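1. using only what follows, build the 3D model:
(chains A and B)
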Amino acid sequence: MRFRFTDAAIDTAAARRELVDPGAGGYASFEGWVRDFNEGQEVTSLEYEAFQELALKEGERILAEAAARFPIKHALCIHRVGHLGLSDMAVWVGVSSAHRGEAFDACRFIIDEVKHRVPIWKKEHYRSGDSGWVNCERCAAPRGHGHGHDHTQDHDHAQAQAPDHDAA
Amino acid sequence: MNERVDAPIRGLVLAGGASERMKRDKATLLYEGRTQLDRAVELVARHVDSVFVSVRASQGSDPARARYPLIVDSVPSQGPIVGIRSAIAAHPRNAWLVVACDLPFLSDQALSQLLAGRDPAASATAFISVHDGLPEPLCAIWEPKAAAEIDAFLERGRDCPRKFLMNHAVRLLEPEDRRALDNVNTPEEYVRASAKPTTAHAMQLKIQYFALMREQSGRSEETVETLASTPADLYAELKARYGFTLPREQLKVAVNSEFAPWSRRLAAGDAVVFIPPVAGG
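-> Next up is the predicted model:
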């Protein structure tokens, strides 16, 4: 499976090796990290939970869409589940392609789609002792019109990371 | 200055419809052996002291209607807004709990919520449709002050009560009983709706709970026996049981590990998962 879950630290070196291809001249990756604040609250740790049966299918669909949309060689996405501390890696996306542009674009596409579509939930634990499911508890007030998941805010616990391995 | 006293509320069951799509009189359709009209009057009478039935002039002698106190449309039928206006004209100091007779799922819970949420300073207090987010005029409280506004509205050649509510000062409520206002307009809908309580069979479904749903239900999975025939009905049932805080509009649903529409027909043994807003990455 090109989309998978792990309950241990993500081995990025091993993951990167799966993308190697003689026709690839570029590789881009994205790592999402646990950040110490969100919406004005000091975050101390996180828990990720997934509905894995459906999440794996939806994740594979996203990777297939990326391959159809961009001329890439390989793409891989690994997501953590379980309890994570500050600065732990929550998600890793890697893409190899002939040229750098599509590697960056596909990488961005995959992480954006994963955040919005894959049934994964994140519970934040706060310094105050409080905790909450992100996107579920602060906007649960009834509203006149249903907007599904469209109002998902950008809780990007992540830093952009794209090592300069681009030989193209 | 006079102390303001809220207008006392009477009930008005609308039974003047032409039933064009049904091709037979909706007021006399039977649910669980009783006519829609009788059921509606009885329901409203549990909440207010006096209940009238709104009819067109030509229906005044119809036996199903004539057993109730009637309010006859003051002008030839321009739809329900004339019925409402005629009621205010007949009893100008009353507000009216107006209910269409073709709401077979209307509940005490819905009427209690409406009465508790009434805003006498507004022209009306109404529910927001769970289907399109617009006001529902035919299960609403209409205040005496709406009379002059309705007259002006009719004078402009308008007669849609929903448009009226959209353009006047109205208190809107989110219905807790989300099925209460589903109405029945066609013979097919009637067969479906009337079949539910009598011939539907309870079936067993497997439910898995994740994240907030798991915490609020206090379990990761369970097998439930239910009459719910769609994920939407099932969510309403389980929301009432466990007090889920998320409105259905914020969720998705999966049946047998694949995303499914809320209207999907459930079969015995289906595995259902409610999916709260996701937050991967």
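2. quick one, strands of chain A?
-> A:3-6, A:26-33, A:37-38, A:41-50, A:72-80, A:82-85, A:89-97, A:120-126, A:131-133, A:158-159 (DSSP state E).
3. repeat for chain B
-> For chain B, the strands defined by DSSP E occupy B:9-14, B:30-31, B:34-35, B:51-55, B:70-72, B:95-100, B:124-128, B:135-142, B:170-173, B:203-208, B:221-226, B:252-255, B:258-260, B:271-275.
4. separation between A:A24 and A:E102?
-> 11 Å (Cβ to Cβ, to the nearest Å). Any C-beta I mention is one placed from the backbone N, CA and C, and that applies to glycine too.
5. repeat for B:R248
-> Taking Cβ to Cβ as the measure, B:R248 falls 39 Å from A:E102.
6. residues near residue 58, how many?
-> Since no chain was named, I'll use chain A. 20 (other Cβ atoms under 10 Å in any protein chain shown).
7. try chain B instead
-> By other Cβ under 10 Å, 12 other residues sit near B:S58.
8. quick one, what contacts it?
-> By Cβ atoms under 8 Å, 6 or more residues apart in numbering or on different chains, no residues touch B:S58.
9. could you redo the last one with a cut-off of 10 Å?
-> By Cβ atoms under 10 Å, 6 or more residues apart in numbering or on different chains, the contact list for B:S58 reads B:G16, B:V72, B:D73, B:P76, B:S77.
10. where's it relative to B:I71, distance?
-> Using Cβ to Cβ, B:S58 is found at 14 Å from B:I71.
11. repeat that for B:R118.
-> Relative to B:I71, B:R118 is positioned 21 Å away (Cβ to Cβ).
12. neighbour count: these two, which is higher?
-> Just comparing B:R118 and B:I71: by other Cβ under 10 Å the higher neighbour count belongs to B:I71, 24 against 20.
13. worst average pLDDT in the strands of chain B?
-> Lowest mean pLDDT of these: strand B:30-31, a mean of 71.
14. A:W33 and A:A90 touch, don't they?
-> Yes - if you go by Cβ atoms under 10 Å, A:W33 and A:A90 touch, sitting 6.6 Å apart.
15. the nearest residue to B:P135 once chain neighbours are set aside: neighbouring residues, count only.
-> Closest residue to B:P135 apart from its sequence neighbours, by Cβ to Cβ, 6 or more residues apart in numbering or on different chains: B:L165 at 3.9 Å. For B:L165, the neighbour count with other Cβ under 10 Å is 23.
16. residues contacting B:L165?
-> Contacts of B:L165 by Cβ under 10 Å, 6+ apart are B:122-126, B:134-137, B:140, B:142, B:146, B:172.
17. ok, 7 Å please
-> Going by Cβ atoms under 7 Å, 6 or more residues apart in numbering or on different chains, B:L165 touches B:A124, B:A126, B:P135, B:P137.
18. the first one and B:K145 touch, don't they?
-> No - counting by Cβ atoms under 7 Å, B:K145 is not a contact partner of B:A124; they are 9.4 Å apart.
19. the more surrounded of those two?
-> When neighbours are counted by other Cβ under 10 Å, B:A124 and B:K145 differ, and B:A124 comes out ahead with 27 against 17.
20. any regions of the chain where pLDDT drops low?
-> In the absence of a named chain, chain A is used. Low-confidence regions of chain A, defined by pLDDT under 70, span residues A:138-168.
21. not what I meant, chain B
-> Residue ranges of chain B with pLDDT under 70: B:1-4, B:18-23, B:31-33, B:77, B:187, B:194-201.
22. which parts of it belong to which domain?
-> Here the domain parsing of chain B from automatic domain parsing is B:9-173, B:200-275.
23. okay, those, which one's buried deepest?
-> Ranked by mean neighbour count under mean count of other Cβ atoms under 10 Å in any protein chain shown, the domains of chain B are led by domain B:9-173, which reaches a mean of 18.
24. what does the stretch 151-281 of chain B have sitting close to chain A?
-> Proximity of the stretch 151-281 of chain B to chain A is confined to B:174, B:210-212, B:245-247, B:249, B:254, B:257-258, B:273, B:275-281 under the rule Cβ under 7 Å from any Cβ of the partner chain.
25. go again using 10 Å as the cut-off
-> Proximity of the stretch 151-281 of chain B to chain A is confined to B:172-176, B:208-216, B:244-252, B:254, B:256-259, B:271, B:273-281 under the rule Cβ under 10 Å from any Cβ of the partner chain.
26. tell me the centre residue of chain B?
-> Centrality entry for chain B: nearest residue to the mean C-alpha point is B:L181, 2.0 Å, by Cα atoms, centre = their mean.
27. mind listing what that residue touches?
-> Counted by Cβ under 10 Å, 6+ apart, B:L181 has contacts B:99-100, B:103, B:105-107, B:110, B:127-131, B:136, B:138-139, B:175.
28. what's the most distant pair in the residues you listed?
-> B:V99 and B:H131 (18.2 Å; Cβ to Cβ).
29. if we can go back for a sec, and the strands of chain A: which comes nearest B:D38?
-> Nearest of the strands of chain A to B:D38, taken as Cβ to Cβ: strand A:131-133 at 46.6 Å.
30. elements contacting that closest one?
-> Packing partners of strand A:131-133 (3 or more Cβ pairs under 10 Å, 6 or more residues apart in numbering or on different chains; DSSP states H and E): strand A:41-50, strand A:120-126, helix B:211-217.
31. and the ones you listed as TSV, adding distance to B:D38?
-> What follows is those, written out as TSV (distance: least, Cβ to Cβ, whole Å):
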stretch	distance to B:D38
strand A:41-50	50
strand A:120-126	48
helix B:211-217	38
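32. thank you kindly, that will do.
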